[in-house]
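>>> What follows is a protein structure lacking sequence information:
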């Protein structure tokens, strides 16, 4: 169906009763009919122009709507991907936090071992200061002095000196024994601490790997969110343009309503005046025919040759009977 047919169907639905209008002179009727025809043609042209403008607006609007909806669909497609990356990043960060907590716990234990080892070293160093020699050297010196004290016949004064040296050597020998025991304990604590620090290094390496993984997820997520933000801004721009088009169409639709109400009234009014003009034309035709009839009757009375039109006129007026 064409636009003109559609417009005519719409306007025919709004036809009203034929109005009663005042009787006008022939001159007034001609002026009125011409004026109404001009107004009617102008209104119909304006209505067609408005329909065409709305059609153009709608075509542009469909294009804008398609672009907007396409961008929103892309946003809808990307958003779950960004959410999945966020979930992976947060899960990785949670693993990092757990490893850091375990590492910090180990660091605390390592600190305890360091403090204990420090205390043991101080004790060992104090004992070594008291011993002032190696166990083997002190043991030989003690054995030699003991042999002298037990087997050699020496003066009492010298025996007392040997005995005092035995006491001193015994204390130093005991100190070096204890220092060696503490040193062994230090070695054990070192081995325990080494296990802890090895575990800490392993956890640190895992944390570094996970941190890189988390950073990768984060950067990919930010990239998608930036793209989503750009797409949303572009979609909002198309939506704003689409809203502006609908805003422009709204007054056009109001004009259509006014014109669709006015055109049938103009047609009805024009029809009434045309009917009045037909009456004037009919009277003029009758007057003109009457003159032709009289001329034909006179020609007939004089035995003149009648034209076909004159003959028809006399037959219709029953001046000639067949």
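Cool, got the structure. Please read all numbers here as calculations on a predicted model, not as lab measurements.
>>> pLDDT weak spots in the stretch 101-250 of the chain?
In the predicted model, the stretch 101-250 of the chain carries pLDDT under 70 at residues 248-249.
>>> Break down it into its helices, ranges please.
135-151, 156-301 (DSSP state H, counting those that start in this stretch).
>>> For residue 54, find the nearest of those.
Comparison of these against residue 54 by CB to CB identifies helix 156-301 as nearest, at 5.6 Å. C-beta: built from backbone N, CA, C; applies to glycine.
>>> Could you find the closest non-adjacent residue to the residue nearest to the spatial centre of the chain?
Against the mean C-alpha coordinate of the chain, by CA atoms, centre = their mean, the closest residue is residue 232 at 4.0 Å. Distances taken as CB to CB, 6 or more residues apart in numbering place residue 75 nearest to residue 232, at 5.9 Å, with adjacent residues excluded.
>>> And for residue 238?
Spatial nearest neighbour of residue 238, excluding adjacent residues (CB to CB, 6+ apart): residue 68 at 3.9 Å.
>>> Okay, and the one you found sits in which element?
For residue 68, the enclosing helix or strand under DSSP states H and E is helix 26-131.
>>> now that helix against helix 135-151, angle please.
20 degrees (axes from the mean of the first three to the mean of the last three CA atoms, to 10 degrees).
>>> helices or strands up against helix 26-131?
helix 3-12, helix 156-301 (3 or more CB pairs under 8 Å, 6 or more residues apart in numbering; DSSP states H and E).
>>> would you list those in JSON lines and tack on distance to residue 84?
As requested, the helices and strands packed on helix 26-131 are arranged in JSON lines below (distance: least, CB to CB, whole Å):
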{"stretch": "helix 3-12", "distance to residue 84": "51"}
{"stretch": "helix 156-301", "distance to residue 84": "9"}
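>>> Give me whichever of the ones you listed is most buried.
Across the helices and strands packed on helix 26-131, averaging neighbours per residue (mean count of other CB atoms under 10 Å) puts helix 156-301 on top, at a mean of 14.
>>> how far away is residue 106 from residue 94?
The gap separating residue 106 from residue 94 is 19 Å, by CB to CB, to the nearest Å.
>>> Could you pull up the contacting residues of residue 146?
Residue 146 makes contact with residue 166 under the criterion CB atoms under 8 Å, 6 or more residues apart in numbering.
>>> picking that back up, out of the helices and strands packed on helix 26-131, nearest to residue 39?
Of those, nearest to residue 39 by CB to CB is helix 156-301, at 5.8 Å.
>>> what's the angle between that closest one and helix 135-151?
Using the same axes, to 10 degrees: helix 156-301 against helix 135-151 is 160 degrees.
>>> Now do helix 156-301: distance to the chain's middle.
3 Å (CA atoms, centre = their mean, to the nearest Å).
>>> tell me what it is packed against?
If contacts are counted by 3+ CB pairs under 8 Å, 6+ apart, helix 156-301 sits against helix 3-12, helix 26-131, helix 135-151, helix 308-316.
>>> Quick one, which of those helices gets closest to residue 181.
Of the helices and strands packed on helix 156-301, nearest to residue 181 by CB to CB is helix 26-131, at 8.9 Å.
>>> tell me how far that closest one is from the chain's mean position?
For helix 26-131, the separation from the chain centroid amounts to 5 Å (computed by CA atoms, centre = their mean).
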